[in-house]
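*Asks:* below are the sequence and a predicted model for it; my questions follow.
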Protein chains: 2
Amino acid sequence: MKPRLFTPGPTPVPESATLRMAKPIIHHRTPEFQNVLRDVASGLQYLFCTSQPVLTITASGTGAMEAALVNILSPGDEILYVNGGRFGERWGAIARAYGVAAHEVTVPWGEAVTIEQIMAALAAHPTATALCLTHSETSTGVFTDVRAIAEAVRPSFGGLIAVDGITAVGAHELRFDDWDIDVVVTGSQKGLMIPPGLAFIALSARAWDACRRSALPKFYFDLLEAREAYERNDTPWTPAITLVCGLAETLRMIREEGIEAVWQRHALLAAALRAGVSALGLQPYGSPPSHAITAIALPARGDEFMTLLKDRYHVTVAAGQDELKGRIFRVAHLGYYDEADMLAVLYCIERALADVGHDHAPGAGLAAARLALQEPIRVP
Amino acid sequence: MKPRLFTPGPTPVPESATLRMAKPIIHHRTPEFQNVLRDVASGLQYLFCTSQPVLTITASGTGAMEAALVNILSPGDEILYVNGGRFGERWGAIARAYGVAAHEVTVPWGEAVTIEQIMAALAAHPTATALCLTHSETSTGVFTDVRAIAEAVRPSFGGLIAVDGITAVGAHELRFDDWDIDVVVTGSQKGLMIPPGLAFIALSARAWDACRRSALPKFYFDLLEAREAYERNDTPWTPAITLVCGLAETLRMIREEGIEAVWQRHALLAAALRAGVSALGLQPYGSPPSHAITAIALPARGDEFMTLLKDRYHVTVAAGQDELKGRIFRVAHLGYYDEADMLAVLYCIERALADVGHDHAPGAGLAAARLALQEPIRVP
């Protein structure tokens, strides 16, 4: 089998983006690169459905989460964050590293936070200045309905709503302006289909006001500096030039497909994969499921199954992390994937299952996926 | 003319590194990528002449400077830094952003700090815990003799010596362990010959001790976390995978050429270029000159000259920055350059000079460079 990558970052890079990144490097303070930055700025606004600037920083997604907090917070602020997995937890860890009190809404892994839990936590911590959410929790494959939460809390909550959209942006509907949220961050190696090294951050007018008041220390991640440079079609520090050039290409692809069609494609692939693994007798893990990544309970002889998937069928998926280590595996369908890719991964999963003596009807997964792919799902 | 890049970052990327980066992306938590990280770790130690770990972070060189300071300093610490250009100045700006007092040794642009100035400043600020230097000041093309300064101050100075080696590493002799210095940072798009997006940092045992005591806030740039991951052949956050793969290739090239030969080549190219432009009647700016970049006073009709160089001869050089804007231009010979590249840029400079009516003997620059290239310079 050919090697195939189904991890939630990095995700496969389209050939046209690879070729674009392989062109001779250009200097970043040139009209040529300013044109690239202009395309990227407009493409990111289209992706985020916003008229606010979406800033590009050279760092991983975690860097963008830190940039968000150190720019919108000040000493004495408190945040409320949802910990339903490894990445939700990170909001709290970053805040605490800067001496900001962080109140946790603990959600069992595999479940999504409810509006009631959020409302109760806000009532218990009325001085919280930011509510930090995870749109798609990569460690569990669980989706959080950020739109519904924002709608519910906005009438009574005067603080900022910050969203880790790292595996959600490009896979799930996101309307930054319409939803009246304040911060969304994402990374390049996810729905954006380029290698890791860049991260993106959008801030609302309210969040920009908070930046102007913020008294936490920062330099490289200073978003007011980044915005000032952005207004001149520039970046404050040397950016990861080749990745930015590749991004211009993948953003062009997203615009060509249409953002709603991109969301629909992710919903369709996720549904097909879930139908397929369920028909093979595997149990999807976590609910409601993300459209970006499907977590699946490991079958019996799980370690052997994972080894075969990688070594015999050349499929790279993600293992479970922390408390889910040895309990689940995770298949991403985030970014540059189509319907046939889901059949390929289902085929390899089925072969590896057969190899470890798992009981199932040959082809059952493929047939179920085929049925699920019958009609494109309409989103929203 | 073919387009040619002579900027001090990005610098040209070798074709073999480009091809390596264009291979299908691999996941970073795999044995394949661990092999790459192992190669990179050993190649960076070879480059820095150190047995200490050299950490790779996904950020620009400025990010690594910030990482250095926020990890080795604590509130109440004071630093001493040399400002002889835009990048020296940055040490002070970063320290102040974190509330750390920063005492400046001001040096006129175009000159290097002297040992006497450093000793006097240390005497004036005996409580300084770190001395921050710039090995090659990119904005002026001036070289600072870090080795001599370290040797002079070490007997009396108990603090840390931190070196911005961003345009120096790979161009100038650097023996991290032998020189008994504490921090060196550099970036990927310089002597390391890959695109921007990665930065590197080496710390001495003394600096690691300071990290363990440090009480400045950090998360993404936490070097103790990075080191813990390094010991497991991992990175704390998703790294810029493709750039790391390209780096494995350029580090292989450096080792194949031999680090002393790499330093010698840079010294030779710098000498040839200086000889060439001098023979054309241009005035090299700044002293002593860096081997990474040659700053040159602009001729009469300088703006026109710069435009012709770019638009007619397709040579991208760097303009002067801040107070040197409109006064100098800067030609880099840092990284993937050879003797013929110096002839190419001298030819284009001469043609553009002729176009603006500059008086010189045709071919004088080429002939002078040819003479300078007669015998390889021995370094050290």
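*Replies:* Looks like it arrived, so ask away. Treat the numbers as computed from the prediction; the structure is a model and nothing was measured.
*Asks:* which residues in the stretch 201-350 of chain A form helices?
*Replies:* A:205-213, A:223-231, A:241-257, A:259-279, A:302-311, A:339-355 (DSSP state H, counting those that start in this stretch).
*Asks:* ok, which of the ones you listed comes nearest A:Ile25?
*Replies:* Nearest of the helices of the stretch 201-350 of chain A to A:Ile25, taken as C-beta to C-beta: helix A:241-257 at 6.0 Å. All C-beta spots, glycine's among them, are computed from the backbone N, C-alpha and C.
*Asks:* run a quick neighbour tally on A:Ala372.
*Replies:* Neighbourhood size, A:Ala372 [other C-beta atoms under 10 Å in any protein chain shown]: 22.
*Asks:* shouldn't it be in contact with A:Ala275?
*Replies:* Yes - judged on C-beta atoms under 8 Å, A:Ala372 makes contact with A:Ala275 at a distance of 4.0 Å.
*Asks:* show me the shaky parts of chain A.
*Replies:* A:376-380 (pLDDT under 70).
*Asks:* just want the most central residue of it.
*Replies:* Taking C-alpha atoms, centre = their mean, the centroid of chain A lies closest to A:Thr167, which sits 1.3 Å from it.
*Asks:* next, count neighbours for the spatially closest residue to A:Arg301 that is not a sequence neighbour.
*Replies:* Nearest non-adjacent residue to A:Arg301, counting by C-beta to C-beta, 6 or more residues apart in numbering or on different chains: A:Val356, 4.2 Å away. Using other C-beta under 10 Å, A:Val356 is surrounded by 17 other residues.
*Asks:* pretty sure A:Val356 is touching A:Ala300, no?
*Replies:* Yes - under the criterion of C-beta under 8 Å, A:Val356 makes contact with A:Ala300 at 7.2 Å.
*Asks:* before we move on, the earlier item: what about the residue nearest to the centre of chain A, which helix or strand?
*Replies:* Assigned by DSSP states H and E, A:Thr167 belongs to no helix or strand.
*Asks:* distance of it from A:His125?
*Replies:* Separation of A:Thr167 from A:His125 (C-beta to C-beta, to the nearest Å) stands at 27 Å.
*Asks:* check A:Leu80 too.
*Replies:* Here the criterion is C-beta to C-beta. By it, A:Leu80 lies 6 Å from A:His125.
*Asks:* list residues touching both of the two?
*Replies:* Common neighbours of A:Leu80 and A:His125, using C-beta atoms under 8 Å, 6 or more residues apart in numbering or on different chains, are A:His103.
*Asks:* the two: which is more packed in?
*Replies:* Relative neighbour count places A:Leu80 above the other of A:Leu80 and A:His125, with 26 against 17, counting by other C-beta under 10 Å.
*Asks:* just to revisit the earlier point, identify the contacts common to A:Ala372 and A:Ala275.
*Replies:* By C-beta under 8 Å, 6+ apart, no residue touches both A:Ala372 and A:Ala275.
*Asks:* quick check: closest non-adjacent residue to A:Pro53.
*Replies:* Leaving aside its chain neighbours, A:Pro53 sits nearest to A:Tyr230 (5.3 Å; criterion: C-beta to C-beta, 6+ apart).
*Asks:* count the neighbours of the one you found for me.
*Replies:* With other C-beta under 10 Å as criterion, A:Tyr230 counts 18.
*Asks:* quick one: it and A:Val40 touch, right?
*Replies:* No - A:Tyr230 lies out of contact with A:Val40 (C-beta under 8 Å); the separation is 10.4 Å.
*Asks:* bridged to whichever residue of the stretch 251-380 of chain A sits closest to chain B, which residues?
*Replies:* Nearest to chain B in the stretch 251-380 of chain A, going by C-beta to the nearest C-beta, is A:Thr316, at a distance of 5.3 Å. Note on A:Thr316: beta-bridge partners by DSSP bridges are A:Leu5.
*Asks:* in what helix or strand does A:Leu133 lie?
*Replies:* Element membership of A:Leu133, judged by DSSP H and E, is strand A:130-134.
*Asks:* what's next to the helix or strand following that strand, contact-wise?
*Replies:* Note on strand A:130-134: by DSSP H and E, the next helix or strand toward the C-terminus is strand A:136-137. With C-beta under 8 Å, 6+ apart as the test, strand A:136-137 has contacts from A:84-88, A:142-144, A:165-168, A:171-172, A:290-293.
*Asks:* now do stretch A:92-103
*Replies:* A:62, A:65-66, A:69-70, A:73, A:75, A:77-81, A:83, A:91, A:104, A:121, A:124-125, A:128, A:132, A:216, B:217-219, B:222.
*Asks:* apart from its chain neighbours, what residue comes closest to A:Leu133?
*Replies:* In space, and not counting its chain neighbours, A:Leu133 is closest to A:Val163: 5.1 Å by C-beta to C-beta, 6+ apart.
*Asks:* what number of residues lie near that neighbour?
*Replies:* 27.
*Asks:* now for the strand or helix carrying it, which elements pack on it?
*Replies:* Following DSSP H and E, one finds A:Val163 within strand A:160-164. In terms of contacts (3 or more C-beta pairs under 8 Å, 6 or more residues apart in numbering or on different chains; DSSP states H and E), strand A:160-164 is packed against helix A:61-72, helix A:86-97, strand A:130-134, helix A:146-153, strand A:183-187, helix A:205-213.
*Asks:* how does it look with 6 Å?
*Replies:* With contacts defined as 3 or more C-beta pairs under 6 Å, 6 or more residues apart in numbering or on different chains; DSSP states H and E, strand A:160-164 has these neighbours: strand A:130-134.
*Asks:* list the buried residues of the strand it packs on.
*Replies:* The neighbour-count check on strand A:130-134 (16 or more other C-beta atoms under 10 Å in any protein chain shown) flags A:Ala130, A:Leu131, A:Cys132, A:Leu133, A:Thr134 as buried.
*Asks:* now render the helices of the stretch 201-350 of chain A as JSON lines, adding distance to B:Leu203.
*Replies:* Below are the helices of the stretch 201-350 of chain A laid out as JSON lines (distance: least, C-beta to C-beta, whole Å):
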{"stretch": "helix A:205-213", "distance to B:Leu203": "32"}
{"stretch": "helix A:223-231", "distance to B:Leu203": "27"}
{"stretch": "helix A:241-257", "distance to B:Leu203": "27"}
{"stretch": "helix A:259-279", "distance to B:Leu203": "43"}
{"stretch": "helix A:302-311", "distance to B:Leu203": "36"}
{"stretch": "helix A:339-355", "distance to B:Leu203": "43"}
